[in-house]
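*Asks:* Structure for the following, please:
(one chain, ligands or ions: 2)
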Amino acid sequence: MTTNDACVPDVPDAPVTFSNLIELESRAAKVIPTAGFEYIARGAGDEQTLRENREAFSRAFIDQRILTGKVVETLETSILGVSLRSPITIAAMASQGIAHPSAESGTAIAADHVGTLLCVSTVSTQSLETIAAASAGPKWFQLYLTRDDGFNRELLNRARAAGYTAVVLTADVTVGGIREHNRRNGFDAGHLRGNFIDAAGNPRCTDRSFQPALSLDAISYAHEHSGLPVVVKGVTTSQDALRVIEHGAAAIQVSNHGGRQLDGSPAAFTSLLHVAESVEERVPIIFDSGIRRGTDVFKAIAAGADVVALGRPVLYGLALGGWRGVVSVLEHLDNELRTVMQLAGAATVADIRSTRLTFGLTDRQIPGYA
Ligand SMILES: Cc1cc2nc3c(=O)[nH]c(=O)nc-3n(C[C@H](O)[C@H](O)[C@H](O)COP(=O)(O)O)c2cc1C
Ligand SMILES: O=C(O)C(=O)c1ccccc1
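*Replies:* Ligands and ions are numbered 1, 2, ... in the order given. Sure, this is the predicted structure:
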């Protein structure tokens with residue numbers, strides 16, 4: 001037994017009440033054992049990028065439109081043919097059994113309940129088939145390429161066979177990020193990998209380590225062996241956005257992995273501003289890293305994202321209230337977004353897209369400042 005599975009909380013499925021998603025973190029810290037909590041909550045290195053993911057939103061302001069006569073009509077939207085009740089989807093997150101015994105199945109039930117999309121990690125606690133069977137809702141499969149080619153092909157086949165409708169190729173984990181807390185805590189989630197064992201519990205993969213030499217060929221590889229559209233996750237620059245689109249990406253996910261990989265990379269929101277301008281709507285854009293408020297969702301869409309993906313708060317909801325806790329988290333963020341839309345004069349997601357953002361001036365830039 002390792003420190004992280006010492007006492008996974010078996011909290012009953014029940015709605016969770018809270019004021020905002022930020023305060024959920026300290027609540028979750030009380031129920032998830034320390035090693036697992038730090039694995040989820042913290043970032044790489046000095047956590048400069050983790051902090052900046054939040055800070056960047058506070059420098060962008062929403063140009064409010066008044067006297068429009070508009071009332072919020074719908075939050076509905078779609079991405080790669082998937083209809084969503086709201087532009088808020090769930091990011092791929094590994095080892096969800098750390099947060100709650102229902103693990104990814106709990107998250108899948110919640111996603112279906114609220115009508116959103118779930119992205120399932122290669123390194124999920126439960127197998128991708130178990131998670132697919134837990135709910136009927138739409139699912140994408142997040143791919144980490146291992147060094148075992150046969151296993152990679154098998155995974156992609158399994159994902160298609162189980163009904164996943166896209167592959168999300170994560171490109172920013174060519175090696176694990178520098179996460180000192182995990183070393184200090186002796187944290188190892190390696191035993192929590194449902195896709196890497198067969199029904200009898202035997203290993204399915206000869207070398208579980210991830211492929212460090214990822215190149216653009218991985219896009220066509222993932223597409224050929226799954227027959228599914230490929231989303232490239234971990235795009236932070238315009239140049240890379242254009243390169244992956246040229247090499248067949250059906251969509252891109254602007255993300256810095258929630259500040260868990262390259263510390264010192266810019267806020268994902270800062271990256272989005274550049275990337276969206278260069279992409280010019282050639283492919284849809286999914287955005288993640290740092291979304292905690294309805295205003296963040298609004299700003300990301302106004303900056304050019306089609307949908308956002310929510311990370312850590314989903315696991316906090318799972319830890320605090322099982323699948324019903326995840327529903328509380330998603331509904332809360334939807335409600336905040338609805339209020340922000342109404343105040344800003346946006347009746348639909350398309351209206352959010354056409355809202356302009358203003359960027360904070362420093363005192364010295366304010367006209368008339370001496
Ligand atoms: C506990 C945890 C596990 C994660 N595991 C994966 C993973 O297996 N694959 C992946 O592509 N991203 C993974 N991510 C990154 C998320 O997909 C997403 O980029 C990030 O959490 C978004 O930032 P946020 O948590 O600030 O919302 C993980 C994130 C967390 C918090
Ligand atoms: O922890 C993560 O963010 C992550 O993506 C990951 C990478 C390798 C194994 C497990 C999770």
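
*Asks:* Near the residue of the stretch 51-200 of the chain found nearest ligand 2, how many other residues are there?
*Replies:* Closest residue of the stretch 51-200 of the chain to ligand 2, Cβ to the nearest ligand atom: A94 (3.5 Å). Every residue, glycine included, has its C-beta placed from N, CA and C. Other residues lying near A94 total 19 when counted by other Cβ atoms under 10 Å.

*Asks:* contacting residues around the residue nearest to it when sequence neighbours are not counted?
*Replies:* Spatial nearest neighbour of A94, excluding adjacent residues (Cβ to Cβ, 6 or more residues apart in numbering): V123 at 4.1 Å. V123 is in contact with 94-95, 144, 189, 192-193, 195, counting by Cβ atoms under 8 Å, 6 or more residues apart in numbering.

*Asks:* what bits of this protein have low per-residue confidence?
*Replies:* By pLDDT under 70, the low-scoring segments of the chain are 1-7, 192, 362-366, 369-370.

*Asks:* Could you check how far the most centrally placed residue in it is from E55?
*Replies:* Among the residues of the chain, A91 comes closest to the average C-alpha position under Cα atoms, centre = their mean, at 2.4 Å. Using Cβ to Cβ, to the nearest Å, A91 is found at 20 Å from E55.

*Asks:* Check V173 too.
*Replies:* 24 Å.

*Asks:* same check, this time on V235
*Replies:* The spacing between V235 and E55, counted by Cβ to Cβ, is 20 Å.

*Asks:* Looking at these two, which is more packed in?
*Replies:* Higher neighbour count among V235 and E55: V235, with 30 against 13, using other Cβ under 10 Å.

*Asks:* quick one: L228 and T165 touch, right?
*Replies:* Yes: counting by Cβ atoms under 8 Å, L228 does reach T165; the two are 6.5 Å apart.

*Asks:* who has more neighbours, the two?
*Replies:* Neighbour totals were compared for L228 and T165, and L228 leads with 20 against 16 (other Cβ under 10 Å).

*Asks:* Residues contacting stretch 265-277, please?
*Replies:* Contact with stretch 265-277 is made by 49, 52-53, 55-57, 60, 235-238, 241, 252, 254-256, 285, 287-290, 296, 299-300, 303-305, as judged by Cβ under 8 Å, 6+ apart.

*Asks:* where does the stretch 251-370 of the chain come near ligand 1, residue by residue?
*Replies:* By Cβ under 6 Å from any ligand atom, the residues of the stretch 251-370 of the chain that approach ligand 1 are 255, 257-258, 260, 288-291, 310-312.

*Asks:* Can you lay out the contacts of V123 as JSON lines showing distance to P203 and secondary structure?
*Replies:* Formatted as JSON lines, the contacts of V123 follow (distance: Cβ to Cβ, whole Å; DSSP: H, G, I helix; E, B strand; the rest coil):
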{"residue": "A94", "distance to P203": "18", "secondary structure": "coil"}
{"residue": "S95", "distance to P203": "17", "secondary structure": "coil"}
{"residue": "Y144", "distance to P203": "16", "secondary structure": "coil"}
{"residue": "A189", "distance to P203": "16", "secondary structure": "coil"}
{"residue": "L192", "distance to P203": "14", "secondary structure": "coil"}
{"residue": "R193", "distance to P203": "10", "secondary structure": "coil"}
{"residue": "N195", "distance to P203": "11", "secondary structure": "helix"}
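
*Asks:* In those residues, find the pair that's most separated.
*Replies:* Y144 and L192 (14.2 Å; Cβ to Cβ).

*Asks:* Show me which residues of the stretch 101-250 of the chain sit near ligand 2.
*Replies:* Near ligand 2, when you scan the stretch 101-250 of the chain using Cβ under 6 Å from any ligand atom, you find 123, 173, 189.

*Asks:* again, only this time at 8 Å
*Replies:* Proximity of the stretch 101-250 of the chain to ligand 2 (Cβ under 8 Å from any ligand atom) is limited to residues 121, 123, 144, 170, 173, 176-177, 179, 189-190, 210.

*Asks:* Which ones, among the residues you listed, also lie beside ligand 1?
*Replies:* Restricting these to those near ligand 1 by Cβ under 8 Å from any ligand atom leaves 121, 123, 144, 170, 173.

*Asks:* other SSEs contacting the biggest helix by length in the chain?
*Replies:* Secondary structure of the chain per DSSP state H: the longest helix is helix 312-344. Applying 3 or more Cβ pairs under 8 Å, 6 or more residues apart in numbering; DSSP states H and E, we find helix 312-344 packed against helix 24-29, helix 34-41, strand 88-90, helix 103-114, helix 294-302, strand 307-310, helix 349-353.

*Asks:* want to throw those into a markdown table with distance to T206?
*Replies:* Below are the helices and strands packed on helix 312-344 laid out as a markdown table (distance: least, Cβ to Cβ, whole Å):
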| stretch | distance to T206 |
| --- | --- |
| helix 24-29 | 36 |
| helix 34-41 | 26 |
| strand 88-90 | 31 |
| helix 103-114 | 25 |
| helix 294-302 | 40 |
| strand 307-310 | 32 |
| helix 349-353 | 45 |
